[in-house]
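S.K.: sequence? don't have it. structure:
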């Protein structure tokens, strides 16, 4: 039974990677947000948290939900946590 579970998991991973590859070929890109400056054009701030370093203020410290662009148009804003 353990082997069947491993096989299923491996199969799902293969399908996921194949679909991801096809979508990337069509122009879908995941946004890299953590560590970047907060920009309301690309990001939706869900909350702000105090940060220990001054240089992290106004920057994204965590990504809650990945944002995506399709052919350079935003199709989902990244949901992020911003340092204050």
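M.R.: Alright, I've got the coordinates. Predicted, not measured: the structure shown is a model, and the values here were computed from it. Numbering: from 1, shown residues only.
S.K.: List the contacts of the residue most central in space within the chain.
M.R.: Closest to where the C-alpha atoms of the chain average out (CA atoms, centre = their mean) is residue 66, at 2.4 Å. Applying CB atoms under 8 Å, 6 or more residues apart in numbering to residue 66 gives the contacts 30, 31, 33, 76, 78. In short, each C-beta sits where N, CA and C put it, glycine included.
S.K.: And the pLDDT for it?
M.R.: Residue 66 is assigned 96 on the pLDDT scale.
S.K.: and what of residue 34?
M.R.: Taking residue 34 on its own, its pLDDT is 94.
S.K.: helix/strand/coil for it?
M.R.: coil (DSSP: H, G, I helix; E, B strand; the rest coil).
S.K.: Touching, it and residue 63? I think so.
M.R.: Yes. Using CB atoms under 8 Å, residue 34 is in contact with residue 63, at 5.1 Å.
S.K.: Among those two, which residue is more densely surrounded?
M.R.: Neighbours of residue 34 and residue 63, each counted by other CB atoms under 10 Å, are more numerous for residue 63; the result is 20 against 13.
S.K.: tell me how far the strand or helix carrying the more buried one is from the chain's mean position?
M.R.: Residue 63 belongs to strand 60-65 when assigned by DSSP states H and E. Distance of strand 60-65 from the chain centroid (CA atoms, centre = their mean, to the nearest Å) equals 8 Å.
S.K.: Quick one: residues in contact with the following helix or strand past it.
M.R.: Once the chain leaves strand 60-65, the next helix or strand it forms, by DSSP H and E, is strand 68-70. Applying CB under 8 Å, 6+ apart, the external contacts of strand 68-70 come out as 26, 27, 28, 29, 30, 31, 74, 75, 76.
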